[in-house]
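> everything below, folded, please.
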Amino acid sequence: MANAPLSHGARPHALTTPAPRWARTSLWALTAVLVLPLLATLVYSLSTRWGATLLPDDLTLAWYGKLWSDPRFLAAFGRSLLVCFGTLALGTLVLVPLVLVIFYHAPRLDPWMNLLILVPFAVPPVVSSVGLLQIYADTLVGTPWILIGTWFTIMLPFMYRALANNLQAIPLKDLMDAAHLLGASTPVAFVQVVLPCLRKGLLSALFLSLSFLLGEFVFANMLVGTRYETLQVYLYNMRSTSGHFTSALVMSYFLLTLVLTWAANRFSR
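Residues are numbered from 1 along each chain as shown. You can find the predicted model right below:
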């Protein structure tokens, strides 16, 4: 029997029940645990002096002004961005054609690639750094080129998985066959037909990789150190200065990462 239509003003029964009180309490407690340290760091970075009192004596932006006017910080920030953009460019030039070729010509290689991209997680960066120091001690150690190579291995899992998931969501074979029927060659079909379909997945992978690479410390500290000081190495070297100054640095880094993560989530939708 067909369901009777709803009368005017009647509402259908809710399909979901509200979360129990213990679940909401746990969620708010977890949120407080995560947010309160950040709020404390933010207030400390804005305070002129905060000692034995519950609240700081006064608030100021002087620590942020000192940070963003420090030539050493600006140079470290610029070096980090330069190495990150170089790594992202290398990853795009290598991984985009590789993923397209694998999914179109050799899909049987995808399971092997899924195992290969786990290698950076299986080998700790400390172990990799020791081996790289012995191999490239007289050539690349201390230069940004070795960072670009090592950071490429870090971003490999993120970019490959994002592009692979994007390709699995589109009819790749049908798009390529349609382009071939219209007279396009395989490279032209990749560039003009398939590549625009990967735009959101690629941008999402790039933003996520950028936010992750900006926080990389082990490779940067062991392979280049102060010879090519990056943002995280600068933060490590400034740990013995004023706590207000380092708190301003931490909050600036956190806000930058938050903006990049928000942009990645927006592009992923």
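> in which helix or strand would I find the residue nearest the centre of the chain?
Residue closest to the average C-alpha location in the chain (CA atoms, centre = their mean): Leu208, at 2.6 Å. If you go by DSSP states H and E, Leu208 is part of helix 199-213.
> what is the mean pLDDT for that helix?
Here helix 199-213 scores 83 as its mean pLDDT.
> just the CA trace of it, in PDB.
In PDB, the C-alpha atoms belonging to helix 199-213 read as follows (Å, rounded to 0.1, in the frame of the first residue of the first chain):
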ATOM      1  CA  ARG A 199      42.300  20.000 -11.000                       C
ATOM      2  CA  LYS A 200      40.600  19.800  -7.600                       C
ATOM      3  CA  GLY A 201      42.400  16.700  -6.500                       C
ATOM      4  CA  LEU A 202      45.800  18.100  -7.600                       C
ATOM      5  CA  LEU A 203      45.200  21.400  -5.800                       C
ATOM      6  CA  SER A 204      44.000  19.600  -2.600                       C
ATOM      7  CA  ALA A 205      47.100  17.500  -2.700                       C
ATOM      8  CA  LEU A 206      49.400  20.500  -3.200                       C
ATOM      9  CA  PHE A 207      47.900  22.400  -0.300                       C
ATOM     10  CA  LEU A 208      48.000  19.500   2.000                       C
ATOM     11  CA  SER A 209      51.600  18.700   1.000                       C
ATOM     12  CA  LEU A 210      52.600  22.400   1.500                       C
ATOM     13  CA  SER A 211      51.200  22.600   5.000                       C
ATOM     14  CA  PHE A 212      53.000  19.300   5.900                       C
ATOM     15  CA  LEU A 213      56.300  20.300   4.400                       C
END
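> give the buried residues for the helix or strand following it.
As assigned by DSSP H and E, the chain's next helix or strand after helix 199-213 is helix 218-223. For helix 218-223, a neighbour-count test (16 or more other CB atoms under 10 Å) marks Phe219, Ala220, Asn221, Met222, Leu223 as buried. Heads up, the C-betas are built off the backbone N, CA and C, glycines and all.
> pull out the buried residues from stretch 99-112.
For stretch 99-112, burial by neighbour count (16+ other CB under 10 Å) applies to Val99, Leu100, Ile102, Phe103, Tyr104.
> who are the contact partners of the first one?
Shown in contact with Val99 (CB atoms under 8 Å, 6 or more residues apart in numbering): Tyr160, Leu163, Ala164, Leu167.
> and the angle for the lengthiest helix in the chain with helix 199-213?
Taking DSSP state H as the assignment, the helix of the chain that covers the most residues is helix 71-105. Put simply, helix 71-105 runs at 140 degrees to helix 199-213, going by axes from the mean of the first three to the mean of the last three CA atoms, to 10 degrees.
> C-terminal to helix 71-105, what's the next element?
Once the chain leaves helix 71-105, the next helix or strand it forms, by DSSP H and E, is helix 110-116.
> hmm, who's touching that next one?
With CB under 8 Å, 6+ apart as the test, helix 110-116 has contacts from Ile102, Phe103, Tyr160, Ala164.
> format those as TSV; extra columns: pLDDT.
As requested, those are arranged in TSV below (pLDDT from 0 to 100):
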residue	pLDDT
Ile102	88
Phe103	87
Tyr160	88
Ala164	88
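> and the residues you listed, which two are furthest apart?
Pairwise distances across those (CB to CB) peak at 11.1 Å, for the pair Phe103 and Tyr160.
> in the stretch 51-200 of the chain, where is pLDDT below threshold?
Counting by pLDDT under 70, the stretch 51-200 of the chain contains low-confidence ranges at 52, 54.
> and Val193, how close does it get to Pro107?
Val193 is 18 Å from Pro107, where distance means CB to CB, to the nearest Å.
> equivalent analysis for Ser209, please.
Computed as CB to CB, the Ser209 to Pro107 distance reads 24 Å.
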